[in-house]
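Engineer: I'll drop the sequence and a predicted model, then ask my questions.
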Amino acid sequence: MTDHVDRANEYTEIMQQLAIQKHQQKTRKKSTVKYCLDCQEEIPEIRQQNGYCRCIDCQRIIEKHQRIYRIS
């Protein structure tokens, strides 16, 4: 009996993971911006694939400014 339950649990887990991956692929936007909006340095490919339009350094500056002035 536990064999069937274990298999059902494995199947459910696999299906959930597939659903999550499918959703992430739909919602993930690839940025068409190749260069940072602020400093014009090239944005690494992985950041472009995740939809970012600023390099890491410029994004940190923006986030720091937002924390200081509590801008959303």
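Structural biologist: Alright, I've got the coordinates.
Engineer: What is the distance between stretch 24-41 and the centre of its chain?
Structural biologist: Computed by C-alpha atoms, centre = their mean, to the nearest Å, the separation of stretch 24-41 from the middle of its chain amounts to 11 Å.
Engineer: i'd like the first residue to be 365 from this point on
Structural biologist: Okay, using 365 as the starting number, the last item reads as stretch 388-405.
Engineer: Now do it, average pLDDT.
Structural biologist: When the per-residue pLDDT values of stretch 388-405 are averaged, the result is 81.
Engineer: which parts of that stretch are buried?
Structural biologist: Burial within stretch 388-405, assessed by neighbour count using 16 or more other C-beta atoms under 10 Å, is assigned to residue 400. (C-beta placed from N, C-alpha, C; glycine too.)
Engineer: Give me the contacts around that stretch.
Structural biologist: When contacts are taken as C-beta atoms under 8 Å, 6 or more residues apart in numbering, the neighbours of stretch 388-405 outside the stretch itself are 406-407, 411-419, 421-422, 425.
Engineer: Extract the C-alpha trace of that stretch and format it as PDB.
Structural biologist: Written as PDB, here are the backbone C-alpha positions of stretch 388-405 (Å, rounded to 0.1, in the frame of the first residue of the first chain):
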ATOM      1  CA  GLN A 388       8.200  31.000 -14.200                       C
ATOM      2  CA  GLN A 389       9.000  30.700 -17.900                       C
ATOM      3  CA  LYS A 390       5.800  32.600 -18.800                       C
ATOM      4  CA  THR A 391       6.400  35.400 -16.300                       C
ATOM      5  CA  ARG A 392      10.100  35.800 -16.900                       C
ATOM      6  CA  LYS A 393      10.800  38.700 -19.300                       C
ATOM      7  CA  LYS A 394      14.000  39.000 -21.300                       C
ATOM      8  CA  SER A 395      15.100  42.600 -21.300                       C
ATOM      9  CA  THR A 396      15.700  44.200 -24.700                       C
ATOM     10  CA  VAL A 397      18.100  46.600 -23.000                       C
ATOM     11  CA  LYS A 398      21.700  45.500 -23.500                       C
ATOM     12  CA  TYR A 399      23.300  48.500 -21.800                       C
ATOM     13  CA  CYS A 400      22.700  50.000 -18.400                       C
ATOM     14  CA  LEU A 401      20.200  52.900 -18.500                       C
ATOM     15  CA  ASP A 402      22.400  54.900 -16.100                       C
ATOM     16  CA  CYS A 403      26.100  54.200 -16.900                       C
ATOM     17  CA  GLN A 404      25.800  52.600 -20.300                       C
ATOM     18  CA  GLU A 405      27.900  49.600 -19.200                       C
END
